[in-house]
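A.B. asks: Here is the input, now give the coordinates:
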Amino acid sequence: MSRPATLLLCALLAASGRAEAQALDPAPAGAASLALGGVGAVGLRSPAALFANPALLPLAQSRILLGLAFEQSPRAVVLTATVNETQEARDHAGASALPDVALALPLGTPWLWFSAGYRRSLGLESRFGPPQVGSDVRVAPARYRGLELSLSEHIWSFALALRIGDRLSLGGAVELRHLRLRHTQAIWAGLAVDHVGDARLDLLATVAGSSRLAAGGLLGIWLRAHRALELGLALSLPASASVDGSLALVHEGTGAPYAYASLEGEGGTAALSLPLPFALRAGIGLSLARLRVLLEGGYERWSSVGELRARCEGAQVVLRRSSGATVFPLESLPLGIELGDRASARVGLELLALRALTLRAGYAFVHGASRAETPSSVLIDLDHHTWSFGLELALSRLRLALGFAHTTEASLSGGERATLFNPLRPELSAVAGIGRYLASRTRVAFELQWGW
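C.D. replies: Next comes the predicted model:
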């Protein structure tokens, strides 16, 4: 299961009206998979199969793979309350580098293979900077529950694959994952008598931490049903990761709730449990002379995750006045994440144009995991479309591959029901940002393979 660990922090929206935003997809396994629309259950003929379907390893045409992918995800938020849309905030994140390294070797026989590798499947950096009024007050309509998200996933994989004759191959991989997370959101510390639009009562809550190594599993099967027909199946087993770190509460404004002189936040520790659900990918490959057609469907059961909350210790909100202080302990902080099941359909075309040149193209549609309304803006996993292409050049024992993919997303409509969490009175809330979220994603992957 090379992709799911990170989808957990998917889905986030704070908006009224129409919204478009960025999905969170771990990078496909190598340049070939990227060029084929993300197909990985069938079709791969390189050590990158370690991360997608280990049963394909005995079919690898090379032994060592070195890859590097770059991802650029520009995002912006524009106001929709006026006739002429104006930009309100912009994601300042730049390009992310996602390396992968894999080795595949036969163990004394061409029927038994061992593979080991490392990949950084995700390197997300998303930061929205709402405009300021004066020196310390954010404009109320430009407040977002999600202001910053930094999320990276590192995976170390070890696999064995057994080929049984010319028609069947079985494989299994153990994956060790390490996650690093930093998430900042706006929460509203107001009482019933306070105006819910008063941004001076906002606190910035930042959860930052990293996980211990979490073990996951990936099982695969490959079957050649006919000379021109192959089938592939990859199953990711449920697992769990635990992120431990700190919680910081910062009051940037000068306001305080009614009848109080000051508002302060005191940080503490935070722990976050990230369950990784069951996922399944199945594919069909059809060979027609120099052309291969690859079809794949996928399903990920993210509805089993439930609402994601950080467990807090030592954190509290303090309201002060002349008669003393009132303390509100913060034991649990919702991150505004609730996911549904995720499904995908992918198609890839591979053409042997020349003896040493292979051309690839692909398309993918993904039904995102975001529900109709999600309260944060740093990341939204909506329905999206991806178009891709690439090529591979074989030079004796050396292979050079290139993949390119561009993703756009569908729209999401909703009313003004996305709100900021209130640590003082959970039943009270303030409306989160108003805007239309625009996003796209471009990925480029380079790959070097060596065989002997």
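A.B. asks: Surely Ala55 touches Ile221?
C.D. replies: Yes - with contact defined as C-beta atoms under 8 Å, Ala55 counts as touching Ile221 (5.2 Å). For glycine as for every other residue, the C-beta is placed from the backbone atoms N, C-alpha and C.
A.B. asks: Can you list phi and psi of Gly165 for me?
C.D. replies: The phi/psi pair for Gly165 (degrees, to the nearest 10) reads phi 70, psi -160.
A.B. asks: so what's Leu448 bridging to?
C.D. replies: Leu66, Leu400 (DSSP bridges).
A.B. asks: so what's it up against?
C.D. replies: Leu65, Leu66, Gly67, Leu398, Arg399, Leu400, Ala401 (C-beta atoms under 8 Å, 6 or more residues apart in numbering).
A.B. asks: quick one: which of Ala55 and Ile221 has more around it?
C.D. replies: Taking other C-beta atoms under 10 Å, Ala55 and Ile221 do not tie; Ala55 has more neighbours (30 against 20).
A.B. asks: pLDDT score assigned to the more buried one?
C.D. replies: Looking at Ala55, its pLDDT is 97.
A.B. asks: Could you grab the helix/strand/coil label for it?
C.D. replies: What DSSP: H, G, I helix; E, B strand; the rest coil gives for Ala55 is helix.
A.B. asks: what's the distance between it and Ala445?
C.D. replies: For Ala55, the distance to Ala445 equals 23 Å [C-beta to C-beta, to the nearest Å].
A.B. asks: what's the following helix or strand after the longest strand that the chain contains?
C.D. replies: Secondary structure of the chain per DSSP state E: the longest strand is strand 168-188. As assigned by DSSP states H and E, the chain's next helix or strand after strand 168-188 is strand 202-211.
A.B. asks: Report the distance from that next one to the chain centre.
C.D. replies: Mean-position distance between strand 202-211 and its chain equals 18 Å (C-alpha atoms, centre = their mean, to the nearest Å).
A.B. asks: Report the inter-axis angle for that strand versus strand 168-188.
C.D. replies: 150 degrees (axes from the mean of the first three to the mean of the last three C-alpha atoms, to 10 degrees).
A.B. asks: Output strand 202-211 as CSV - backbone C-alpha positions only.
C.D. replies: Taking C-alpha atoms only, strand 202-211 is exported to CSV below (Å, rounded to 0.1, in the frame of the first residue of the first chain):
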residue,chain,number,x,y,z
ASP,A,202,-9.4,33.8,16.1
LEU,A,203,-6.7,31.6,17.4
LEU,A,204,-4.2,29.8,15.2
ALA,A,205,-3.9,26.1,16.2
THR,A,206,-0.9,24.3,14.8
VAL,A,207,-0.4,20.5,15.2
ALA,A,208,3.1,19.4,14.3
GLY,A,209,4.7,16.0,14.7
SER,A,210,6.0,12.8,13.1
SER,A,211,5.0,9.2,13.3
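A.B. asks: Sheet-wise, list the partners of whichever helix or strand comes after that strand with their directions.
C.D. replies: Heading C-terminal from strand 202-211, the first helix or strand you meet, by DSSP H and E, is strand 214-226. Applying DSSP bridges, strand 214-226 is found paired with strand 168-188 (antiparallel), strand 229-236 (antiparallel).
A.B. asks: So for Gly117, which of these sits nearest?
C.D. replies: With C-beta to C-beta as the measure, strand 168-188 is the member of these nearest Gly117 (9.3 Å).
A.B. asks: can you give me how far the closest one is from the chain middle?
C.D. replies: That offset, for strand 168-188, works out to 9 Å (C-alpha atoms, centre = their mean).
A.B. asks: Also stretch 288-303?
C.D. replies: 20 Å.
A.B. asks: outside of it, which residues touch it?
C.D. replies: 4, 7-8, 10, 36, 38-43, 228, 277-286, 339-353, 369.
A.B. asks: list the residues that contact both of Ala55 and Ile221?
C.D. replies: Ser169, Leu170, Gly171, Gly232.
A.B. asks: and the gap between the second one and Ile284?
C.D. replies: Yep, that's Leu170 we're talking about. 18 Å.
A.B. asks: what's the answer for the first one, then?
C.D. replies: Applying C-beta to C-beta, the value for Ser169 to Ile284 is 16 Å.
A.B. asks: More neighbours: those two, which one.
C.D. replies: Legend: neighbour count by other C-beta under 10 Å for Ser169 and Ile284, higher for Ser169 (25 against 17).
A.B. asks: partners of the more buried one in the sheet?
C.D. replies: Counting by DSSP bridges, the residues bridging with Ser169 are Arg163, Trp222.
A.B. asks: and if you look at the one 10 residues further on?
C.D. replies: Here Leu179 sits in beta bridges with Glu153, as judged by DSSP bridges.
A.B. asks: residue contacts, it?
C.D. replies: Per C-beta under 8 Å, 6+ apart, neighbours of Leu179: Ala5, Thr6, Leu151, Ser152, Glu153, His154, Ser210, Ser211, Ala214, Ala241, Val243, Leu274.
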